[in-house]
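In: quick one: sequence and predicted model below, then my questions.
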Amino acid sequence: MGEVTPLARLDSVGLVLDGRAIVKTVSMEVYPGEVLALVGPNGAGKSSILSLLAGDVHATSGTAFLGDKDVTKYRPDEASRLRSVLMQANQVSFPFSVWEIVEMGRAPWGRTPLIAQDDEAIEEALSLADVGHLSERRFNQLSGGERARVSLARVLAQRTPLVLLDEPTAALDLKHQESVMRTIRDLADQGRGVVVVVHDLSVAAGYADRVAMVVEGRLEATGSPSEVIVADRVSRVYGVDVDIEQVGHPPRPVVLPRRKP
């Protein structure tokens, strides 16, 4: 992995907002062909790290790179052809149809030869997110889970080498949660790099190549799921006593909170 050029990286990045240090001297790389899961308690700084990688928020210290270039040096259309971003908010002010929402993901390619792929990319994204049957519905008439899947489809239609996802499974039922994570895994297997913020540690462990645990704006640990998601660390960071079982082939950690009978 070390010989592969990262799609993005943070070099000793810090972020201060309203006098408060949100991100503290974080360094990380994102490589082609991997899923990197960001985990940690609420308010730890995971979404801020994702925004720094995207270039949507500028670092107070250190440098965020997209490819081999400072992410702040790209024009918006250039950056949007290299990375796509799904943030937590899925609000739209106008009554666009689902097709129109997903079509927005193709905007960065509007003045390039790849505009010819628009319909194919949109159809594929609708299918992958299991929202093809909603294509003529108005976005503002959908349920929270449906909106989340349509927003994911917009990101998938963008077809970028780097995909940044903030809690894409948060509003989803079990079936669609697993479907989304399998899609994320497939993207990485096709050679893309995916960074995903996930709250469920067992879900993160089940699909990620690497896990980065964020605590109070710092990286507590980075490594394979089995290296990072260990009982002592999880119990200390989350303040809940847990047991860890290794499940599957190859084995992956599953987190089991200890509950009183």
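Out: Ah, there it is.
In: low-confidence ranges, the stretch 1-150 of the chain, go.
Out: Along the stretch 1-150 of the chain, segments meeting pLDDT under 70 span 1-2, 90-91, 93.
In: what ranges do the helices span in it?
Out: Assigned by DSSP state H, counting those that start in this stretch, the helices in the stretch 1-150 of the chain fall at 46-54, 76-80, 98-103, 118-128, 144-158.
In: then the stretch 151-261 of the chain?
Out: Using DSSP H, counting those that start in this stretch, helices in the stretch 151-261 of the chain cover 174-189, 201-207, 225-228, 231-238.
In: name the stretch among those that sits most buried.
Out: Highest mean neighbour count of the helices of the stretch 151-261 of the chain: helix 201-207, a mean of 22 (counted as mean count of other Cβ atoms under 10 Å). For the C-beta atoms, the positions are set from N, CA and C on the backbone; glycine is no exception.
In: now it: how far from the chain's centre is it?
Out: 13 Å (Cα atoms, centre = their mean, to the nearest Å).
In: with just CA atoms, put that helix into CSV.
Out: What follows is helix 201-207, C-alpha atoms only, in CSV (Å, rounded to 0.1, in the frame of the first residue of the first chain):
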residue,chain,number,x,y,z
LEU,A,201,-18.5,-0.4,14.7
SER,A,202,-19.5,-3.9,13.6
VAL,A,203,-20.7,-2.5,10.3
ALA,A,204,-17.4,-0.6,9.9
ALA,A,205,-15.4,-3.7,10.7
GLY,A,206,-17.4,-5.9,8.3
TYR,A,207,-16.7,-3.8,5.2
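In: going forward, the N-terminal residue is numbered 33.
Out: Taking 33 as the first residue, the last one we looked at is helix 233-239.
In: so what does it touch, helix or strand wise?
Out: If you count contacts as 3 or more Cβ pairs under 8 Å, 6 or more residues apart in numbering; DSSP states H and E, helix 233-239 packs onto strand 67-71, helix 206-221, helix 257-260, strand 284-289.
In: out of the ones you listed, nearest to L166?
Out: helix 206-221 (12.7 Å; Cβ to Cβ).
In: the closest one to helix 150-160, inter-axis angle?
Out: 130 degrees (axes from the mean of the first three to the mean of the last three Cα atoms, to 10 degrees).
In: D264 and A76, how far apart?
Out: With distances taken as Cβ to Cβ, to the nearest Å, D264 is found 18 Å from A76.
In: about what we covered before: so which of the helices and strands packed on helix 233-239 is nearest I147?
Out: Between I147 and the helices and strands packed on helix 233-239, the tightest spacing by Cβ to Cβ is seen for helix 206-221, at 21.7 Å.
In: mean confidence (pLDDT) on the closest one, please.
Out: Here helix 206-221 scores 94 as its mean pLDDT.
In: show me what it is packed up against.
Out: On a contact count with 3+ Cβ pairs under 8 Å, 6+ apart, helix 206-221 meets strand 67-71, helix 176-190, strand 194-198, strand 225-229, helix 233-239.
In: quick revisit: the helices and strands packed on helix 233-239: which one's closest to H231?
Out: Nearest of these to H231, taken as Cβ to Cβ: strand 67-71 at 7.3 Å.
In: could you say what helices and strands that closest one packs with?
Out: In terms of contacts (3+ Cβ pairs under 8 Å, 6+ apart), strand 67-71 is packed against helix 78-86, helix 206-221, strand 225-229, helix 233-239, strand 242-247.
In: now the ones you listed as a markdown table including distance to E152?
Out: Shown next, in a markdown table, are these (distance: least, Cβ to Cβ, whole Å):
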| stretch | distance to E152 |
| --- | --- |
| helix 78-86 | 25 |
| helix 206-221 | 16 |
| strand 225-229 | 21 |
| helix 233-239 | 26 |
| strand 242-247 | 31 |
